[in-house]
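Student: When you get a sec, could you give me coordinates for this:
(2 chains, ligands or ions: 1)
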Amino acid sequence: MLNHETPCSLPKNRREHVAYTESFLPGRTDAHPTHLNQSLVALMGRQILEHPASALLAEERPFLLRLALLQLGRRDDAEDVVQETLIAAVKNWANFAGKAPLRAWLTGILRHKIIDSFRSRREHVALDIENESDDEIEGMFLENGSWNPETFVSNHCPQTSVAQRQLLQIVELCLNHLRGNSARLFLMREYLGMELNEVASEAEISEGNLRVILHRARLRLRSCVVRGWGEC
Amino acid sequence: MENLPEDRPITCRDTTWLVSAARDGELDEAGHAALQKHIADCPFCREASQQFTDLFRSLDLLLGNDRPK
Ligand SMILES: [Zn+2]
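Tutor: Purely as a prediction, here's the structure:
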């Protein structure tokens, strides 16, 4: 459990980072949005807390961490890239000046940091693409390939009265429900913007396999998200 | 799309393949045409296709993608 009162942990102390990261795993909410990464304070001094960006960045940090974690799969790597992202954001704050939505700007910076981290790894991360049982997807269709009317959810994306933030939270929650390896491959494509052949060769699978995985991930994501729309 | 069936009309399941291929920028003209033709006749796929469009838009916003893929 996260204890915000714990003394500053320096970047070398991975265990503290892990505990911190765990508090942002799916299903949890960030109860202390003004809390900025303590190692960032250690690196840049307490004046970072006085920085005009401090509270805003702290608010976005949990999301960045979840995104990095989904992509990199290793908590210490995720901590590192997010920290680098926040430092870059503070340094370049004057250039940002609210020209784009903050989250879009940050995810853009994070994207480069993740790609760098990814490429600097000596070894490929072994992706165990098991033959997943696909009961969920099989249940979506009848044997003749038509949608199964009994499982088809026809909710629409709410166009009004729902904050965009809430809609994005639904997608984010559903992303977290993708199985580990599919999520990683899906985000290499959707977030990092890697070409299919790059992703396939990085994961050491065939492009055909990759298409199957992306297709399944999109089907699962749709199924989850439309159910979420029904709750709005 | 390499796997379009030639011997039968495409199914709803096939159309989800086409939607996925389109998202990856891999859908050729024949694929687009087949998709549109099926959607025109199938209320489920019309619905699902709109849902995918909305989902992809949210995904792009969430991930800070500023250009369509
Ligand atoms: Zn259909």
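Student: show me the contacts for whatever residue of chain B ends up closest to chain A.
Tutor: Closest to chain A within chain B is B:Thr11: 2.7 Å, counting by CB to the nearest CB. (C-beta placed from N, C-alpha, C; glycine too.) B:Thr11 makes contact with A:141, A:144-146, according to CB atoms under 8 Å, 6 or more residues apart in numbering or on different chains.
Student: ok, now with 7 Å
Tutor: B:Thr11 makes contacts with A:144-146, as judged by CB atoms under 7 Å, 6 or more residues apart in numbering or on different chains.
Student: What residues sit buried inside the helix or strand encompassing A:Ile109?
Tutor: Per DSSP states H and E, A:Ile109 falls inside helix A:102-120. For helix A:102-120, a neighbour-count test (16 or more other CB atoms under 10 Å in any protein chain shown) marks A:102-103, A:105-107, A:109-111, A:113-115, A:117-118 as buried.
Student: For chain B, just list every one of the helices.
Tutor: In chain B, the helices defined using DSSP state H lie at B:12-23, B:29-41, B:43-63.
Student: ok, is the longest one in contact with the ion or not?
Tutor: Yes - taking CB under 5 Å from the ion as the criterion, helix B:43-63 and the ion are in contact, through B:44-45.
Student: Wait, A:Leu178 touches A:Leu187, no?
Tutor: No - between A:Leu178 and A:Leu187 there is no contact, the gap being 8.8 Å when judged by CB atoms under 7 Å.
Student: what's the pLDDT at residue 1?
Tutor: Answering for chain A, as no chain was given. Predicted confidence (pLDDT) for A:Met1: 32.
Student: Let me rephrase: I mean chain B.
Tutor: pLDDT, B:Met1: 48.
Student: ditto for A:Pro26
Tutor: In this model, A:Pro26 is scored at 36, pLDDT.
Student: ok, now which residue in chain A is the farthest from the centroid?
Tutor: Here chain A reaches farthest from its C-alpha mean at A:Asn144, the gap being 35.8 Å by CA atoms, centre = their mean.
Student: Surely that residue is within a helix?
Tutor: No - counting by DSSP: H, G, I helix; E, B strand; the rest coil, A:Asn144 is not found in a helix; it is coil.
Student: Ignoring the adjacent residues along the chain, who's closest to it?
Tutor: The shortest distance from A:Asn144 to any non-neighbouring residue, by CB to CB, 6 or more residues apart in numbering or on different chains, is to B:Thr11 (6.7 Å).
Student: got it, and A:Glu198?
Tutor: With CB to CB, 6+ apart as the criterion, A:Glu198 has its nearest non-adjacent residue at 7.8 Å, and that residue is A:Met188.
Student: do the same with A:Val199
Tutor: Nearest residue to A:Val199, sequence neighbours excluded (CB to CB, 6+ apart): A:Met188, at 4.6 Å.
Student: now, among the buried residues of helix A:102-120, which is nearest to the ion?
Tutor: Closest approach between the buried residues of helix A:102-120 and the ion, by CB to the ion: A:Thr107, at 33.9 Å.
Student: how about the closest one, what does it touch?
Tutor: A:Thr107 makes contact with A:67, B:63-64 under the criterion CB under 7 Å, 6+ apart.
Student: Most neighbours out of these, which is it?
Tutor: Highest neighbour count within those: A:Leu67, with 26 neighbours (other CB atoms under 10 Å in any protein chain shown).
Student: doesn't that residue fall inside a helix?
Tutor: Yes - judged by three-state DSSP, A:Leu67 forms part of a helix.
Student: Sort out which one of the contacts of B:Thr11 lies nearest the ion for me.
Tutor: Of the contacts of B:Thr11, the one sitting nearest to the ion (CB to the ion) turns out to be A:Ser146, at 6.3 Å.
Student: give me every residue that touches the closest one.
Tutor: Each residue near A:Ser146 by CB under 7 Å, 6+ apart is listed here: B:11-12.
Student: Quick check: chain neighbours aside, which residue is closest to the residue of chain A found nearest chain B?
Tutor: Residue nearest to chain B within chain A (CB to the nearest CB): A:Gly145, separated by 2.7 Å. Spatially, and ignoring its direct neighbours in sequence, A:Gly145 is nearest to B:Thr11 (2.7 Å; CB to CB, 6+ apart).
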